[in-house]
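Need a 3D model of the following:
(chains A and B)
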There are 2 protein chains.
Amino acid sequence: MSPGALPSFSRLSPISSSIFTGNAFHPTPESIPPPNVNLTLPVPPGLPVNIHPLVDQILAQPSLLFDSHTFQNPLDFLLRGAQIYPDKLALVHPDVPQPVFYTYAVWAQRVQNFAYALLKSGIQPGDTIAVIAPNSPMIADAMQGVIGARAIITTINTRLTKSEVDYILQHSGAKLLFVDHEYAHLVKDAKIPVIISQDTGRPGDPYEEFLSAGRKFSRERGWQGLEMDADENKAVCLNYTSGTTGRPKGVLTTLRGTYLAAIANAFEAQMDKNSTYLWILPMFHAAGWTFPWSATFAFSTQITLRTVDYTLIWKHLLHSNVTHYCGAPTIQIGVVNHPHAERLNHPVRAIIAGAAPTAHLLSELEKTGITPVHVYGLTYTYGPFTRNYPQPSWAALPLDERAKLSARQGHAFATSYPLRVVYPLADAAPGTPAGTLVDVPKDGKTVGEIVARGNIVMHGYFRDADATSRAFEGGYFHSGDLAVWHPDGSIAIQDRSKDIIISGGENASTLAIEQELASHPDVLEVSVVGRPHPKWGERPMAFVILHAESAKRWAAKHADFARDLKRHAKDRLPGFATPEWIVVVEELPKTSTGKILKTTLRKRAASAKL
Amino acid sequence: MSPGALPSFSRLSPISSSIFTGNAFHPTPESIPPPNVNLTLPVPPGLPVNIHPLVDQILAQPSLLFDSHTFQNPLDFLLRGAQIYPDKLALVHPDVPQPVFYTYAVWAQRVQNFAYALLKSGIQPGDTIAVIAPNSPMIADAMQGVIGARAIITTINTRLTKSEVDYILQHSGAKLLFVDHEYAHLVKDAKIPVIISQDTGRPGDPYEEFLSAGRKFSRERGWQGLEMDADENKAVCLNYTSGTTGRPKGVLTTLRGTYLAAIANAFEAQMDKNSTYLWILPMFHAAGWTFPWSATFAFSTQITLRTVDYTLIWKHLLHSNVTHYCGAPTIQIGVVNHPHAERLNHPVRAIIAGAAPTAHLLSELEKTGITPVHVYGLTYTYGPFTRNYPQPSWAALPLDERAKLSARQGHAFATSYPLRVVYPLADAAPGTPAGTLVDVPKDGKTVGEIVARGNIVMHGYFRDADATSRAFEGGYFHSGDLAVWHPDGSIAIQDRSKDIIISGGENASTLAIEQELASHPDVLEVSVVGRPHPKWGERPMAFVILHAESAKRWAAKHADFARDLKRHAKDRLPGFATPEWIVVVEELPKTSTGKILKTTLRKRAASAKL
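Numbering: from 1, shown residues only, chains lettered A, B, ... in the order given. So this is what the prediction gives:
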């Protein structure tokens, strides 16, 4: 790379170049790495050559105890990219007034500047920094750069209220705050230093000034001048769950877990150096499911989108050769139903999680030429940790039947212990020792709780040892998600326990009902909750968004549509699970990550006059 | 799977089925897993949920110290295969009088039988078992099964002499010995119990009797009845290096290292559930470069070949949809030059290591439709730990120039620390503190030693602490391989230090000379060594195998050919590196893994009358 020159995108990254060529962009001078840069992090002191804890040595030197298991850490993936593919596009932010295009070499330099700028600001190992930003270079830099400064990053959901943001800033003890200009109002009276990004990547932008300060500080030190953690179990992210009830809880994840989860995600998604990953999923959500590091591990190109804009998404799917993106089912529904949707000519994999996709949605994706990679996970499990593994025998099945099998959440990743589905601890038979976990039968019927353990389980709740030990009762992490366990060992989520409808003494799974309603040709998206019923205790109530065309056809005839959909449901569901009420709506209440807020719907259902 | 029935291969594993259908094969009754088998290994006691060493807990309970970092171990990959793809072909041994075809479910059961049979034989955790076998189901079973019994496996090279075998059996302290019938003569007076395999997979075979004994023992216990190691740094393989001088040395590798190396190899080779891996590389060599576990991690099918038979190799390349194989350059030369060779219509990746491939060979592979994945490693590094990462810019270069860049050994895998090339310790400037490693400049010229550290470095030499600390001097593993370091951070091996020719005071790399000689159209394979010379000290001498056609043409005209090749060399090499003597030979002396025995050639050169 010739420093300062506009990278020739057609040469650098042919498959993602077509819509980017012609953009005249120069990284800031401080973003250009010096010649002959050493792209390796230092080896922490005291480590054995093979990272093996030699018994005698450790007993003799207890300080080695926590120095003994370091991986190179997930930041090394970016440095390898800068070493091996320096001129390849690493990070592209194209859909803003001042687009930026960073090669691996340039991005790595910016990340080094970020790390040194943190140190210059007085950040100490173990300190927390906070970021409030949509998908954009600043948050991408921060996810990598904190590791260089041995700090912890907490990324705050941009949809939170000011009081929620205040709570997280206070609870996390953040020492420094990075804010995108669009969200500056959320932090205007913050008690800690604030760096604002104008998202320009140009000199004069306060965030660029911050980075440049790091560059000055680091000029003589480089990567080897940073100090690295010898303990792979050091925390790296502090992710607050967007709880639907109560205060958000802080979830700590580690270098080791992030490293293994990122590799597992890259493998399962089949990402490689020819891949282009489109950031639709907010990077602030559960550390972007570790894809910030999956992408660098695989030498892929990342494109950041500030908002979920389906027109832009289709522009990139069609013209930037995007090969991968993550998104909850509601995002996928938006993708396949957009007017610009057309069958894709190149392989695209959609990593789906966050809620159970309906069979109907999976088949719609396939028709668009998008291969669904259906995974399941939680903030507590570094994002995805199970996957639906398609079976060769499914190929012979009709699309609809295949999609039903594809809607299961499947089996644990290789980097997780095999998961289990157990009777909820509260249901333990009398005399069972406290905390004993008993598997439900693998009959595809009995509902139990998904529990997990191993390297994909969070370090623990931040500053809440009690909640951590409750979550880890019986030696497993309790997901709170209910599922059946099929004879083939795969799981299928039924519902959050609170989402189950008890209708006439029967347990009705709202997910199972939604699966069937979604197969009605007029239904775009549907959510089902329980509504109190004088005779049955509860009965299902469905909130339905219609396809644009269907909405016109059924306009002013919603009662007719409801009758039609009920008939459709009666053919497919037992009586107690057939929706008693059906309401057509324009939109559904959702979290920023696309999870439908069933608590809100339940309140609406309870108070609805019908 | 219906127990006992012949799996329907066309359904099970479509891409590797074509030449296997029609084979009537029933696994032994003991190979059929019981219904509803639990395919998970037990969680070792005392492990935290997230495998994190909680400081207080560890200080209070020192026993937790070594229990704190368990991965699930590499045996779990096979169990995942049995759980997720039970009916997929896992292990195929087709080219014997009694071929066998094992699905993942059946193979896992056989491996469980193996583990219990070891326990029944009195094998204790940490005991060593030995295997002398070509690629075949027994050795494949053993690589997985030892982990279930917490034993260590030493696989012995079938080409060793009886006295070498005796030495390894004695040095390793092996408690039990598994021998393929073809090699029974090597162990006829062994002092430990011997299990002989007739390689039939049929009842009556002593090896099958051994497995069946395990099945009886395990009937009530299953996978959960095995005890697992809580310490991921426990040894799993004891690989003896086939040293060209002195006694073989035992190299210990660990569960952790094997787990990470296997994943890295699967990722770099792009193996997945549609892959079929052909065992040409002997599995006994450096634990098959960890591919026994890469293949199960990726749910791939493995085909075992007892011998390097190019006719069989081409049968499988053309008709079994083989997608991957490993082999030293000499094997690859055999593949591309075989009369059955033709351009392949499906993607095949050849993982090349063991010696530096010539640019000429790499281009020949590409012409055959085989994508070379050029890696480099040693027994001490779990096999491959660096890779040549092709650059987009190479696409525009002529094949020959591209192949020269492809012949470099490249950069370290993601699971290794970045490698270094350092001045040999003996060359340290006066006053340098002992053991200080100093990088050579990245100038592509200065020759230094490749050193490495991290999870891909062996645990150490077995029972030889002195040799281990010598190998780890200065905090890095010393490979003994000499290389230059290019400005892009990639390395290119020059020679083993003892292979460098000192000719008239100049250092001549035999590899560089071989690269140029290999580009002569008549040369099939070539090896160069130094021969004493009264004036220059040493001068290069080349041993050349000709292509079959060329051999006919040059028959009885070897002196003419030598003149022709010298002319070719003079155009490309400095005078001191141009071979003084050229000898046409029928074959070259090689180790079983295809490494050319330059010691033998040097002796031959020194004593040659010319």
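
Report the separation between A:S212 and chain B.
26 Å (C-beta to the nearest C-beta, to the nearest Å). Every residue, glycine included, has its C-beta placed from N, CA and C.

so which strand or helix has that residue?
helix A:206-218 (DSSP states H and E).

Show me the contact partners of that helix.
The set of residues external to helix A:206-218 that reach it, using C-beta atoms under 8 Å, 6 or more residues apart in numbering or on different chains, is A:28, A:30-31, A:109-110, A:112-120, A:138, A:141, A:178, A:195-202, A:225.

how does chain A divide up, domain by domain?
A:13-121+A:135-142+A:200-317, A:329-496, A:506-607 (automatic domain parsing).

mean pLDDT for those: which is lowest?
With a mean of 84, domain A:13-121+A:135-142+A:200-317 has the lowest mean pLDDT of the domains of chain A.

Now stretch A:488-505: buried residues?
Buried residues in stretch A:488-505, defined by neighbour count with 16 or more other C-beta atoms under 10 Å in any protein chain shown: A:D488, A:G489, A:S490, A:I491, A:A492, A:I493, A:Q494, A:D495, A:D499, A:I500, A:I501, A:S503.

Output that stretch in CSV, but only the C-alpha positions, please.
Coordinates of each C-alpha in stretch A:488-505 appear next as CSV, following Å, rounded to 0.1, in the frame of the first residue of the first chain:
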residue,chain,number,x,y,z
ASP,A,488,-32.5,-36.7,17.2
GLY,A,489,-31.1,-34.5,20.0
SER,A,490,-32.2,-31.2,18.4
ILE,A,491,-34.2,-28.7,20.4
ALA,A,492,-37.2,-26.6,19.4
ILE,A,493,-38.0,-23.6,21.4
GLN,A,494,-41.5,-23.4,22.6
ASP,A,495,-41.7,-20.2,24.4
ARG,A,496,-40.3,-18.1,27.1
SER,A,497,-42.0,-19.6,30.2
LYS,A,498,-44.0,-16.4,30.6
ASP,A,499,-45.2,-16.6,27.0
ILE,A,500,-46.9,-20.0,27.4
ILE,A,501,-50.7,-19.7,27.3
ILE,A,502,-52.6,-21.8,29.8
SER,A,503,-55.9,-22.4,28.0
GLY,A,504,-58.5,-24.6,29.6
GLY,A,505,-55.7,-26.4,31.5
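
check whether that stretch contacts chain B.
Yes. In terms of C-beta under 8 Å from any C-beta of the partner chain, part of stretch A:488-505 sits within range of chain B, namely A:D488, A:G489.

ok and the helix of greatest length in chain A relative to helix A:206-218, angle-wise?
Identified as the longest helix of chain A according to DSSP state H is helix A:104-120. Per axes from the mean of the first three to the mean of the last three C-alpha atoms, to 10 degrees, the angle that helix A:104-120 makes with helix A:206-218 is 80 degrees.

how far is helix A:104-120 from where the chain is centred?
Computed by C-alpha atoms, centre = their mean, to the nearest Å, the chain-centroid distance of helix A:104-120 equals 24 Å.

What helices and strands are in contact with that helix?
Applying 3 or more C-beta pairs under 8 Å, 6 or more residues apart in numbering or on different chains; DSSP states H and E, one finds that helix A:104-120 contacts helix A:75-84, strand A:89-93, helix A:137-148, helix A:206-218.

closest to B:L75 out of those?
Ranking the helices and strands packed on helix A:104-120 by their distance to B:L75 (criterion: C-beta to C-beta) puts helix A:75-84 first, at 27.3 Å.

element containing A:V165, please.
Using DSSP H and E, A:V165 falls in helix A:162-172.

Would you mind listing the buried residues in that helix?
Neighbour-count burial for helix A:162-172 [16+ other C-beta under 10 Å]: A:E164, A:V165, A:D166, A:I168, A:L169, A:H171, A:S172.

Show residues contacting it.
For helix A:162-172, using C-beta under 8 Å, 6+ apart, the contacting residues are A:128, A:130, A:132, A:154, A:156, A:160, A:174, A:177, A:185-187, A:190, A:192, A:238, A:240, A:247-248, A:250, A:462-463.

and A:C237, helix, strand or coil?
State at A:C237, reduced to three classes by DSSP: H, G, I helix; E, B strand; the rest coil: strand.

now A:T386
On the three-state scheme (three-state DSSP), A:T386 is labelled strand.

That one: how many residues sit nearby?
A:T386 has 28 neighbours, counted by other C-beta atoms under 10 Å in any protein chain shown.

what are the bridge partners for it, then?
A:Y376, A:A412 (DSSP bridges).

got the residues of the stretch 401-550 of chain A near chain B?
A:410-412, A:414-418, A:442, A:453-455, A:457-460, A:472, A:475-477, A:487-489.

Got a quick ChimeraX command for the buried subset of these?
Buried residues within these, by 16+ other C-beta under 10 Å, are selected in ChimeraX with:
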select /A:410,411,412,414,415,416,417,418,442,453,454,455,457,458,459,460,472,475,476,477,488,489
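
Please flag which of the residues of the stretch 401-550 of chain A next to chain B sit within strands.
A:H411, A:A412, A:G460, A:F477 (DSSP state E).

now, the most widely separated pair of those?
A:H411 and A:G460 (25.5 Å).

And the helices in the stretch 451-600 of chain A?
Remark: helices assigned in the stretch 451-600 of chain A by DSSP state H, counting those that start in this stretch are A:465-471, A:510-517, A:548-554, A:558-570, A:598-607.

hey, which of those helices is tucked in deepest?
Each of the helices of the stretch 451-600 of chain A was assessed for mean neighbour count using mean count of other C-beta atoms under 10 Å in any protein chain shown. The highest is helix A:510-517, with a mean of 24.

Restricted to strands, list the buried residues of stretch A:488-505.
Short answer: the buried residues of stretch A:488-505 in strands (DSSP E) are A:I491, A:A492, A:I493, A:Q494, A:D495, A:I501, A:S503.

For the helices of the stretch 451-600 of chain A, please prepare TSV with the additional fields distance to B:D87.
Formatted as TSV, those follow (distance: least, C-beta to C-beta, whole Å):
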stretch	distance to B:D87
helix A:465-471	37
helix A:510-517	27
helix A:548-554	42
helix A:558-570	36
helix A:598-607	39
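
Which stretches in the stretch 301-450 of chain A count as helices?
A:310-319, A:329-336, A:359-367, A:399-406.

As JSON lines, those with distance to B:T600 would be great.
Converted to JSON lines, these look like this (distance: least, C-beta to C-beta, whole Å):
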{"stretch": "helix A:310-319", "distance to B:T600": "60"}
{"stretch": "helix A:329-336", "distance to B:T600": "63"}
{"stretch": "helix A:359-367", "distance to B:T600": "59"}
{"stretch": "helix A:399-406", "distance to B:T600": "58"}
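
Export those to CSV and append columns for mean neighbour count and distance to B:A555.
Below are these laid out as CSV (neighbours: other C-beta atoms under 10 Å in any protein chain shown; distance: least, C-beta to C-beta, whole Å):
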stretch, mean neighbour count, distance to B:A555
helix A:310-319, 18, 61
helix A:329-336, 23, 68
helix A:359-367, 21, 62
helix A:399-406, 18, 63
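
With respect to B:L437, which of those lies nearest?
Among the helices of the stretch 301-450 of chain A, the nearest to B:L437 by C-beta to C-beta is helix A:310-319 (46.2 Å).

Can you tell me what sits against that closest one?
A:18-19, A:95, A:278, A:280, A:303, A:305, A:322, A:325, A:334-335, A:338, A:340-342, A:344, A:348.

What is the burial count for A:P398?
Neighbour tally, A:P398, other C-beta under 10 Å: 9.

any idea how far it is from A:Q515?
16 Å (C-beta to C-beta, to the nearest Å).

circling back: please write out the alpha-carbon positions of the helix holding A:S212 in PDB.
This file holds the C-alpha atoms of helix A:206-218, laid out as PDB (Å, rounded to 0.1, in the frame of the first residue of the first chain):
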ATOM      1  CA  PRO A 206     -13.800  15.300  17.300                       C
ATOM      2  CA  TYR A 207     -13.500  11.500  17.100                       C
ATOM      3  CA  GLU A 208     -10.700  11.800  14.600                       C
ATOM      4  CA  GLU A 209      -9.000  14.300  16.900                       C
ATOM      5  CA  PHE A 210      -9.200  11.700  19.700                       C
ATOM      6  CA  LEU A 211      -7.600   9.000  17.400                       C
ATOM      7  CA  SER A 212      -4.900  11.400  16.300                       C
ATOM      8  CA  ALA A 213      -4.000  12.100  19.900                       C
ATOM      9  CA  GLY A 214      -3.400   8.300  20.200                       C
ATOM     10  CA  ARG A 215      -1.300   8.300  17.200                       C
ATOM     11  CA  LYS A 216       1.000  11.000  18.600                       C
ATOM     12  CA  PHE A 217       1.300   9.100  21.800                       C
ATOM     13  CA  SER A 218       2.100   5.800  20.100                       C
END
